[in-house]
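got a predicted structure plus its sequence, pasted below:
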Amino acid sequence: MGHLHIHGQRNYTHHQTVQTHQHKIACCTNNNLLHHLTQSPHIQDIYTHSCVYKRTCPDCGKAYTGQTGRDFRTKFNKHKTSICHNTQTSKYTQHLTMHRHAFGNIQDTMQMLQLQTKGMHLNTIEHFYIYKEALLNKHLSDDHTIPNNKIFETILK
């Protein structure tokens, strides 16, 4: 028995032709679960997520670790605006201005450390990475520097 493939909407003529020849119609769709599971993943822009991030000074290697509930690119642009308008809203921009260091581009100076939605978990992850940078003496000192933390020390061993 042959298959009759009808693309698009069935109409009255198709229906009459099939009935005249005593064929049965089975409808199928390309919109099925297998289709959704086997699609190749599309590449996402890594800069459009909330996360814990690290900005590294391209001149001296000191780092600022922070978090953003906004997307990554928005945070980068906020730092850039702060430099352009000399508002120095973060320790990172204060460091660049004070030491006359280069701003750099997003690919070379900004690293996404961990994706996470805004909340307590994001705060803990941020504190962990600040603690890690402070131990390496690479963190730009600010109010978020974490005192000794036995849990973080255990994880870093």
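Perfect, I can see it now.

hey, let's count contacts and neighbours off CA atoms from now on
Will do.

ok, how many other residues are close to the nearest residue to residue 106 once chain neighbours are set aside?
Nearest-residue entry for residue 106: residue 76, 6.9 Å, with adjacent residues in sequence omitted and distances by C-alpha to C-alpha, 6 or more residues apart in numbering. With neighbours defined by other C-alpha atoms under 10 Å, the count for residue 76 comes to 17.

so which helix or strand takes in residue 76?
In this structure, residue 76 sits in helix 72-84 according to DSSP states H and E.

helices or strands up against that helix?
With contacts defined as 3 or more C-alpha pairs under 8 Å, 6 or more residues apart in numbering; DSSP states H and E, the secondary structure elements packing on helix 72-84 are helix 91-99.

does anything pack onto the next helix or strand after the helix it packs on? Which helices or strands?
Secondary structure here is assigned by DSSP H and E; on that basis, the next helix or strand after helix 91-99 toward the C-terminus is helix 106-109. Contact analysis of helix 106-109 by 3+ C-alpha pairs under 8 Å, 6+ apart lists strand 51-56 as its packing neighbours.

what angle separates the very next helix or strand once past the strand it packs on from helix 72-84?
Per DSSP H and E, strand 51-56 leads on to strand 63-68 as the next helix or strand towards the C-terminus. Angular relation of strand 63-68 and helix 72-84 on a 0 to 180 degree scale: 120 degrees, by axes from the mean of the first three to the mean of the last three C-alpha atoms, to 10 degrees.

all set now, cheers.
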